[in-house]
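Student: Compute the structure for the input listed below.
(one chain, ligands or ions: 2)
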Amino acid sequence: MAPYQNLEEYNISITNEVKDRFSKIIDEIGEDVHRDGLKKTPERAAKAMLFLTQGYRQDAAQILKSAMFKEDYDDMVIIKDIEVYSLCEHHMLPFFGKAHVAYIPNGHIVGLSKIPRIVDVFARRLQVQERLTHDILECMNDTLKPKGVAVVIEASHMCMMMRGVQKQNSVTTTSGFRGQFEKIETRNEFLKLISSDLS
Ligand SMILES: Nc1nc2c(ncn2[C@@H]2O[C@H](COP(=O)(O)OP(=O)(O)OP(=O)(O)O)[C@@H](O)[C@H]2O)c(=O)[nH]1
Ligand SMILES: [Zn+2]
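Tutor: Ligands and ions are numbered 1, 2, ... in the order given. Model prediction:
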């Protein structure tokens, strides 16, 4: 990769490179990349792809560390129904759904918004749902060092819906548990809380 003076120069350069490749793809599928509606499409697609993969250029641990606060609270903290949009690494098609993340603090709590932020950091990469689940779990575990952490993701995969096996209603659930969530009672309490709407 060429040496860049600054981030802006890098962003312009990489956008141009990806844009040229989208231009070639549009041409290869038999379209006219110069017609009015498609003129700006390679650039738009390049910007969209770089947005959807910006997680490679972000540091999830640093995001958590930037908002950790000393606190004695040592019960379960759950953020549920976090929207997830990712790209499957096999077809580069979207998979999307919800993540539920819980932890039991061990002297430190973390700013609540930082949890959806790290979900996005790992989701905005080429992923499989299993690794996405573990990336979030391990980052929480290693950085926050809580008494326990749990992650559940429920997602639909476009590569199974609009092509391939073409199943419109199947949902894939993945989960990971560390520390106190490995105990069946704690895990069950978490699972019960994420499936209730408390109404
Ligand atoms: N485990 C796992 N598999 C995934 C995920 N996203 C997509 N896949 C699967 O990756 C597999 C790739 O299989 P291949 O046989 O190499 O690809 P393919 O010929 O396009 O497969 P089909 O989708 O069955 O047509 C498919 O079974 C997809 O359903 C994911 O997040 N986790
Ligand atoms: Zn796929």
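Student: Let me see the confidence value for the closest residue to residue 81 other than its chain neighbours.
Tutor: Excluding the flanking residues, the one nearest residue 81 by C-beta to C-beta, 6 or more residues apart in numbering is residue 98, at 5.1 Å. Any C-beta I mention is one placed from the backbone N, CA and C, and that applies to glycine too. According to the prediction, residue 98 has pLDDT 98.
Student: quick one: residue 98 from residue 153, how far?
Tutor: 7 Å (C-beta to C-beta, to the nearest Å).
Student: residue ranges with poor pLDDT in the chain?
Tutor: 1-2, 198-199 (pLDDT under 70).
Student: Ligand 1 contacts on this structure?
Tutor: 88, 90, 128-130, 157, 159-160, 164-165 (C-beta under 6 Å from any ligand atom).
Student: Check the protein for its longest helix and report it.
Tutor: Identified as the longest helix of the chain according to DSSP state H is helix 7-28.
Student: contacts for it?
Tutor: 2, 4, 33, 38, 41-43, 45-47, 49-50 (C-beta atoms under 8 Å, 6 or more residues apart in numbering).
Student: nearest spatial neighbour of the residue positioned nearest the centre of the chain, skipping sequence neighbours?
Tutor: Residue closest to the average C-alpha location in the chain (C-alpha atoms, centre = their mean): residue 123, at 1.6 Å. Spatial nearest neighbour of residue 123, excluding adjacent residues (C-beta to C-beta, 6+ apart): residue 86 at 4.1 Å.
Student: Tell me what the one you found is bridged to.
Tutor: Taking DSSP bridges as the rule, residue 86 bridges to residue 95.
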